[in-house]
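Colleague: have a look at this fold, sequence not included:
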């Protein structure tokens, strides 16, 4: 009887060691490659991705991440074609892209509050959107989230684009024009242009997009094919990125330090670091809207997407597919 018991115990031990051995190769398997496109040029706004990479969080999750920078319209096309696995894009780009048949899905909210704003000089007599009538308003062009934000804010005041003197700044110099007084108001971002204007010492009024143009904020996108083939890797990437956001929210200096390793100018001088820290703090403020405050970073407002689609459908010249629904754009299955 003792001999049988010993044999049985030995068999159990072999089975246990066999299970451990079979788990090891998967834990030490080659990392999954993910190529991620971020908008425009490197900067502190992308600090969570830099921090997760530099801290080893992506590697610990079994990922080999390559970060690229492209302008937003190109990013969506590249994701749809499979040339990029993931990218950061906003609702004003996703809605027409899906309407045109580009196979992309919005999988994680990064900005719970759309950061687009209209910034106005108070010395130009602008205290409310209605005061924009007849004023010089600067924007890079008649396209994209900034311009649509302006249309929404004007519409809220029963104004149209013809009611303002629109000046185009294709070189993105509209904020400098605001600072010098060449423009009375400009489109911009709460976590960049607004910080610059306030740092220059001018008094401004700020009109937020979410009050008038309720677009979903920028978030991570992927294609259905990529999601199907790299689901676990993408889920791990999202979890590591959201954790980096939480770390930076608790200590914004972490974000500045991470960005400075990518763009040295971010902290090249004491003044530069102070400005970068202000931008970082302003960025943290727009990561969480009401939904993210209750459900956590990354949560997607499907209702918000339906509102975004309805708004864009009401804007002349915007391409929105008949019958387009939030479910055609959003995939919540990859959130932690």
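Modeller: It's in. If you're wondering where the values come from, they're calculated on a predicted model, not measured in any experiment.
Colleague: could you break the chain into its assigned domains?
Modeller: Domain assignment for the chain by automatic domain parsing gives 32-113+216-328, 116-211.
Colleague: any chance of TSV for these, columns mean pLDDT, distance to residue 334 and mean neighbour count?
Modeller: Using the backbone N, CA and C atoms, a C-beta is placed for each residue, glycine as well. Converted to TSV, the domains of the chain look like this (pLDDT from 0 to 100; distance: least, C-beta to C-beta, whole Å; neighbours: other C-beta atoms under 10 Å):
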stretch	mean pLDDT	distance to residue 334	mean neighbour count
domain 32-113+216-328	94	5	19
domain 116-211	94	24	19
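Colleague: distance to residue 336 for those domains - can I get that in JSON lines?
Modeller: Rendered in JSON lines, the data for the domains of the chain read as follows (distance: least, C-beta to C-beta, whole Å):
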{"stretch": "domain 32-113+216-328", "distance to residue 336": "5"}
{"stretch": "domain 116-211", "distance to residue 336": "24"}
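Colleague: ranges for the strands of this structure?
Modeller: Ranges of strands in the chain, per DSSP state E, are 32-39, 63-70, 86-89, 105-109, 116-121, 136-139, 165-168, 185-189, 204-208, 219-222.
Colleague: tell me the contacts of the closest residue to residue 130 other than its chain neighbours?
Modeller: Nearest residue to residue 130, sequence neighbours excluded (C-beta to C-beta, 6 or more residues apart in numbering): residue 157, at 4.2 Å. Listed by C-beta atoms under 8 Å, 6 or more residues apart in numbering, the contact set of residue 157 reads 128-130, 132-133.
Colleague: quick one: residue 157 from residue 189, how far?
Modeller: 21 Å (C-beta to C-beta, to the nearest Å).
Colleague: residue 106 too?
Modeller: Taken as C-beta to C-beta, the span from residue 106 to residue 189 is 19 Å.
Colleague: for residue 122, same thing?
Modeller: From residue 122 over to residue 189 (counting by C-beta to C-beta), the distance is 20 Å.
Colleague: cool, residue 162 as well?
Modeller: 25 Å.
Colleague: tell me the pLDDT at the residue lying closest to residue 234 once chain neighbours are set aside?
Modeller: Excluding the flanking residues, the one nearest residue 234 by C-beta to C-beta, 6+ apart is residue 334, at 5.5 Å. Model confidence at residue 334, given as pLDDT, is 98.
Colleague: shouldn't residue 334 be in contact with residue 107?
Modeller: Yes - counting by C-beta atoms under 8 Å, residue 334 does reach residue 107; the two are 4.9 Å apart.
Colleague: and for the two, which residues touch both?
Modeller: With C-beta under 8 Å, 6+ apart, residue 334 and residue 107 have common neighbours 227, 234, 238.
Colleague: mind listing which of these are in helices?
Modeller: Among those, the members falling in helices (DSSP state H) are 227, 234, 238.
Colleague: look up the closest residue to the last one, ignoring the ones flanking it.
Modeller: Once its chain neighbours are removed from consideration, residue 238 has its nearest residue in residue 108; the separation is 5.1 Å (C-beta to C-beta, 6+ apart).
Colleague: and if you look at the first one?
Modeller: Nearest residue to residue 227, sequence neighbours excluded (C-beta to C-beta, 6+ apart): residue 234, at 6.3 Å.
Colleague: you'd agree the one you found is up against residue 335?
Modeller: No - contact criterion C-beta under 8 Å: residue 234 and residue 335 do not qualify, at 10.6 Å.
Colleague: where do the contact lists of the two overlap?
Modeller: residue 107.
Colleague: quick one, what contacts the residue nearest to residue 326 when sequence neighbours are not counted?
Modeller: Nearest residue to residue 326, sequence neighbours excluded (C-beta to C-beta, 6+ apart): residue 305, at 3.7 Å. Residue 305 makes contact with 91, 106, 216, 326, 329-330, according to C-beta under 8 Å, 6+ apart.
Colleague: dump those residues into a markdown table; add distance to residue 312 as well.
Modeller: Converted to a markdown table, the contacts of residue 305 look like this (distance: C-beta to C-beta, whole Å):
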| residue | distance to residue 312 |
| --- | --- |
| 91 | 8 |
| 106 | 14 |
| 216 | 11 |
| 326 | 12 |
| 329 | 12 |
| 330 | 15 |
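Colleague: nearest to residue 139, out of these: which one, please.
Modeller: For these, the residue nearest residue 139 by C-beta to C-beta is residue 91; the value is 18.0 Å.
Colleague: how far does stretch 247-258 sit from its chain's centre?
Modeller: Distance of stretch 247-258 from its chain centroid, counting by C-alpha atoms, centre = their mean, to the nearest Å, is 17 Å.
Colleague: ok, now stretch 48-61?
Modeller: Using C-alpha atoms, centre = their mean, the offset of stretch 48-61 from its chain centre is 17 Å.
Colleague: distance across that stretch, terminal residue to terminal residue?
Modeller: End-to-end distance for stretch 48-61, by C-alpha to C-alpha, to the nearest Å: 15 Å.
Colleague: ok, and the closest non-adjacent residue to residue 223?
Modeller: Using C-beta to C-beta, 6+ apart, the closest residue to residue 223 is residue 103 (5.1 Å).
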